[in-house]
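> coords below, sequence missing:
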């Protein structure tokens with residue numbers, strides 16, 4: 001009896017399942033960073049190259065400071081991430097502070113050989129750190145960093 005609707009007798013009616021919100025897992029940073037890797041890594045490495053070449057400006061300093069800020073924020077999310085944040089605070093913080101102080105005195109952005117070594121190792125460590133993290137963490141840290149910058153601008 002094609003074309004006829006079943007009468008309901010002898011037909012098992014299945015209750016429809018409740019719709020649940022689909023939880024989408026965040027892809028590992030390796031995949032997501034692969035998509036935006038060129039822009040991020042080139043910008044990061046060019047900032048260090050600017051210091052190496054002697055043509056660094058406040059813009060390159062800000063790139064490195066943003067990288068540090070994002071890493072510091074990520075370090076607050078778990079004990080496993082704290083060593084990277086500690087290094088960013090203790091070692092890199094001292095280096096960026098020295099560069100900033102020198103700029104305030106001379107109005108020239110630059111670094112010495114030891115500071116350049118720290119900057120180069122930081123870019124590599126930063127990349128390696130984020131390749132092992134969920135991309136959502138990177139996005140959240142960037143968003144929180146912007147919130148902090150906005151708050152500081154109001155003060």
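Arrived safely. All values reported here derive from a predicted model rather than from experimental measurement.
> could you pull out the strands for the protein?
Taking DSSP state E, the chain contains no strands at all.
> find the centremost residue of it, please.
By C-alpha atoms, centre = their mean, the chain has its centre lying nearest to residue 138, at 3.6 Å.
> ok, it to residue 124 distance?
Counting by C-beta to C-beta, to the nearest Å, the separation of residue 138 from residue 124 is 17 Å. C-betas here are computed from N, CA, C, even on glycine.
> before we move on, what about residue 116?
13 Å.
> next: residue 92.
Per C-beta to C-beta, residue 92 is found 12 Å from residue 124.
> equivalent analysis for residue 78, please.
Distance of residue 78 to residue 124, computed by C-beta to C-beta: 22 Å.
> and for residue 104?
28 Å.
> of those two, who's got more company?
A count of neighbours by other C-beta atoms under 10 Å puts residue 124 above the other of residue 104 and residue 124, at 12 against 8.
> could you pull out the helices in the chain for me?
29-53, 58-75, 82-87, 93-106, 113-131, 135-154 (DSSP state H).
> any chance of these in a markdown table, with mean pLDDT too?
As requested, these are arranged in a markdown table below (pLDDT from 0 to 100):
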| stretch | mean pLDDT |
| --- | --- |
| helix 29-53 | 79 |
| helix 58-75 | 96 |
| helix 82-87 | 95 |
| helix 93-106 | 97 |
| helix 113-131 | 93 |
| helix 135-154 | 91 |
